[in-house]
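Asks: For reference, the sequence and a predicted model appear below.
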Amino acid sequence: MSGPRFRMVLHNDSDHSVAPQGPSKPAEPPKPCSDPPTHFQPFRHQQECDLITQAVDYLKHSGFYWGPMEADEAHAQLAKLPLGTFLIRDSMQANVFFTLSYRASDGPTSVRVLLKGGGFSLAGSKHTFSCLFQLLGYYIASPKKSLSLPYRGDAAQSLQELARRAVVQSYGKDSIHQLPVSKKLKEFLWLYPFSI
């Protein structure tokens, strides 16, 4: 495909250090990078880059994003929780960004969250959503009730986080800009404008 390609790059300042070498020593072959491999891939379009960047920003404030968690660990966390309890984690597959892990009727399971056609879709599903949280909302509200509650761990959530979700649930994401509150409070609401 022609056109510009965009890439998210992780930088490590220690990679730029140069060890002094004497004239009698031959140059050593480069050593493999000790940093863990990243699953971030080149983007074909700016739109894909924007979708993933926005999703990551929201996920950081969601409480149910667990980052680079292995499938076995995710399934162990979900095994004794109620049906439909879910979390989002980084995919271990090189060409996929996120994986949804949830407690199904026959035990914990995981499904890849694909980025295709300018939106997010679960592997094997024909439904595509412009926002990852629309995808989650769809499966929470579906008659099958595949998803119910996000898993945020055992630590107590802050009153601010609980209040933010309650405000968004009461007024809706589209009404945040009209709320009679300070600009700073609106900015806080926009960090995670979802009731999930």
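Replies: Thanks, I have it.

Asks: and the longest helix for the chain?
Replies: In terms of residue count, the longest helix belonging to the chain (DSSP state H) is helix 46-60.

Asks: buried sites along it?
Replies: Neighbour-count burial for helix 46-60, counted by 16 or more other Cβ atoms under 10 Å, picks out Glu48, Cys49, Leu51, Ile52, Ala55, Val56, Tyr58, Leu59. To be clear about C-beta, it is placed using only N, CA and C from the backbone, and glycine gets the same treatment.

Asks: which element follows it toward the C-terminus?
Replies: helix 71-78 (DSSP states H and E).

Asks: State the distance from the closest residue to Tyr102 other than its chain neighbours to Gly172.
Replies: Leaving aside its chain neighbours, Tyr102 sits nearest to Phe86 (3.8 Å; criterion: Cβ to Cβ, 6 or more residues apart in numbering). For Phe86, the distance to Gly172 equals 22 Å [Cβ to Cβ, to the nearest Å].

Asks: Which single strand of this structure contains the most residues?
Replies: Criterion DSSP state E: the longest strand present in the chain is strand 107-116.

Asks: Run through who's touching stretch 140-153.
Replies: For stretch 140-153, contacts defined as Cβ atoms under 8 Å, 6 or more residues apart in numbering pick out 62-64, 77-78, 81-87, 102, 104, 136, 139, 196.

Asks: Narrow those residues to those in helices?
Replies: Gln77, Leu78, Leu136, Tyr139.

Asks: contacting residues for the first one?
Replies: The one in question is Gln77. Gln77 makes contact with Leu87, Tyr151, according to Cβ under 8 Å, 6+ apart.

Asks: Next: the third one.
Replies: Contacts for Leu136 were tallied using Cβ under 8 Å, 6+ apart; they are Phe86, Leu100, Leu147, Ile196.

Asks: The same query, at a cut-off of 6 Å, please.
Replies: For Leu136, the contact set (Cβ atoms under 6 Å, 6 or more residues apart in numbering) comprises Ile196.

Asks: can I see the domain layout of this structure?
Replies: According to automatic domain parsing, the chain comprises the domains 38-153, 156-196.

Asks: And the last one, end to end?
Replies: Distances were taken as Cα to Cα, to the nearest Å; on that basis the terminal residues of domain 156-196 are 16 Å apart.

Asks: wait, Leu81 sits on Arg103?
Replies: Yes: with contact defined as Cβ atoms under 6 Å, Leu81 and Arg103 form a contacting pair (5.3 Å).
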